[in-house]
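1. below: sequence and its predicted model.
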Amino acid sequence: MTARRLALYATLTMVGLVGCGGGDTADPRPQGGAGTVTGDVTVFAAASLTESFTRVGADFEAANPGVRVTFSFAGSSALANQINQGAPADVFASASPANMTTVAGAGNSDGSPSVFVRNQLVIAVPDGNPGGVNGLADLAQPGVKVALCAEQVPCGAAAAKALDGAGVELTPVTLEQDVKAALSKVRLGEVDAALVYRTDVRAADDDVDGIEFPESAGAINDYPIVVLKNAPNGPAAQAFVDHVLSNPGQAVLTAAGFQAP
Amino acid sequence: MSRHDNPTAAPARSAPPPRTRRTGRVPVALLLPAALGLLFLVLPLAGLLIRTPWSTLPQRLTEPGVLTALRLSVQAATLATLLCLVLGVPLAWLLARVDFPGRRLVRALVTVPLVLPPVVGGVALLLVFGRRGILGGWLDSTFGFTLPFTTPGVVLAEAFVAMPFLVIAVEGALRGADVRYEEAAATLGAGRWTTFTHVTLPLVAPGIAAGAVLCWARALGEFGATITFAGNFPGRTQTMPLAVYLALETDLEAAIVLSLVLLTVSVVILASLRDRWLGSS
């Protein structure tokens, strides 16, 4: 799965570079219909947005023929750090308000962020549920191997909150660096369960099952999005954010399992 | 080393030839790129030093997690190097001394971990040694033992990535060594094993040491295969590079301090080992 993501990055980067080259020599094509913006938009988005934002980006490009969207998907905190270190991004979509605050606090956001979706945790188990997990309390059973996200990343913070709220104490076998890494440990059958987002389970194929648990209601993540202050392409960045917040954008996101804000 | 000393220098009439290597001014065409190369390698380290929070350094260094990660890193890298020595030296000998069909292919295969992205190496290890892996499944069902998420798993991941460095160094040393010593031993009745332990090994000891040092250094800095195969848990599988990566998520200064610790320890150990094993040339 990691290889697939790498391939995706490579492709997207190449697409971005090609778009760059074209952008220098004024695009002769007339702007069709709704699209009034052109050029490249670089979107830094939480790993959990990988599938849905790829689709949203394709829709946005279709509506704006002169625009190319390039994504960098990673843990929100890593992205926030990269932005504060001067990475040339136009838009930041974070999986938690905390990482957005890191960026806004450093004066790198343009305007105030808008919450565009919310996401809830589920228990992901490998196909066939070898650990016999049925609820949050089962994760603390001896012999059940659990992967959590590290508390530095949003899914880990949410997991800690949910476990705290439920009074469940467990020792995971690993603290993964982002939600997709935790999911891939389930997919490979190396752990019996992991706490990931509902959207991740839905995006995974048949080899992962999701188990809803009531305690997750106490740890719902808000996803904020913002145009960045040093955006190389401000108008297109704003258009992308508007598209995410529009009805067609929201439809794609809710179909992926996100909740409306 | 002395074999490489300049053989064309004009011999002085009666005194032994001067052992100096200077034969004129250093050409600018070599000096300039050399200086740029050095700068390129050293500048990022300087960058770390410039951003180091010196005032809070003592209290950051004494945080409990730092020592735990450091100890684990040194232990795992050392064990991985031992594993590489046990398996890698015989493999290098086989490649250098035994003519068998497919030797070139085997040599190419040995270097695969060098070009493989370590994350891919980690996935590959999971597919073999993981709980559902070809060998790992058998280990689990027979002995109830699984490698992922354990310290032996860290050692395994590091050894996988670092072993080519050892094999290549030792094979190079074996090819450079004079085979006539081994032939002489054979003529005097020594078997291949005796020749290996009494003649070959002492002959290439410096090469083995150099390979082991490289191997250890690579193992110490290993990140991708470790986090993929062994996961990340403090005290068990969280080595310094993993701790640096996660600290980077929230606290740049903590990440810099951890990097500095890793850097200092590795430079000190490597420098002292080189002096002891390889001479201070």
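-> Cool, the structure landed.
2. helices of the stretch 151-281 of chain B, start to end?
-> According to DSSP state H, counting those that start in this stretch, the stretch 151-281 of chain B carries its helices in the segments B:151-176, B:179-187, B:192-195, B:201-220, B:224-229, B:240-250, B:252-278.
3. what is the neighbour count of the closest residue to B:A177 other than its chain neighbours?
-> Nearest residue to B:A177 in three dimensions, chain neighbours excluded: B:L203, at 4.8 Å (Cβ to Cβ, 6 or more residues apart in numbering or on different chains). C-beta: built from backbone N, CA, C; applies to glycine. Here the neighbour count serves as a burial measure; for B:L203 (other Cβ atoms under 10 Å in any protein chain shown) it reads 17.
4. where's B:L203 relative to chain A, distance?
-> 43 Å (Cβ to the nearest Cβ, to the nearest Å).
5. correct me if wrong: that residue contacts B:R175.
-> No - under the criterion of Cβ atoms under 8 Å, B:L203 is not in contact with B:R175, lying 11.8 Å apart.
6. model confidence for whatever residue of the stretch 101-250 of chain B ends up closest to chain A, exactly?
-> Residue nearest to chain A within the stretch 101-250 of chain B: B:G231 (2.8 Å; Cβ to the nearest Cβ). Confidence at B:G231, expressed as pLDDT, is 93.
7. hang on, the earlier thing: contacting residues around the residue nearest to B:A177?
-> Neighbouring residues of B:L203 by Cβ atoms under 8 Å, 6 or more residues apart in numbering or on different chains: B:177-178, B:181.
8. can I get the residues you listed in CSV with distance to B:L127 and pLDDT?
-> As requested, those are exported to CSV (distance: Cβ to Cβ, whole Å; pLDDT from 0 to 100):
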residue, distance to B:L127, pLDDT
B:A177, 38, 91
B:D178, 43, 88
B:Y181, 44, 91
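9. only the buried members of these: can you turn that into a PyMOL selection?
-> Filtering the contacts of B:L203 down to the buried ones (16 or more other Cβ atoms under 10 Å in any protein chain shown) takes a single PyMOL command:
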select buried, chain B and resi 177
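10. that older thread, for the residue of the stretch 101-250 of chain B closest to chain A, give me its contacts.
-> A:147, A:173-176, A:185, B:148-149, B:153, B:237 are the contacts of B:G231 under Cβ under 8 Å, 6+ apart.
11. what are the bridge partners for the nearest residue to it once chain neighbours are set aside, then?
-> Of all residues beyond its chain neighbours, the one nearest B:G231 is A:T174 (2.8 Å), with distances taken as Cβ to Cβ, 6+ apart. According to DSSP bridges, the residues that bridge with A:T174 are A:A147.
12. got any ranges where the stretch 151-281 of chain B has weak pLDDT?
-> B:274-281 (pLDDT under 70).
13. burial measure for B:V268, as a count.
-> Per other Cβ under 10 Å, the neighbour tally for B:V268 reads 10.
14. can you pull the buried residues of the helix or strand encompassing B:L94?
-> Assigned by DSSP states H and E, B:L94 belongs to helix B:64-97. Residues B:66, B:68-70, B:72-74, B:76-81, B:83-85, B:88-89, B:91-93, B:95-97 are the ones in helix B:64-97 that count as buried (16+ other Cβ under 10 Å).
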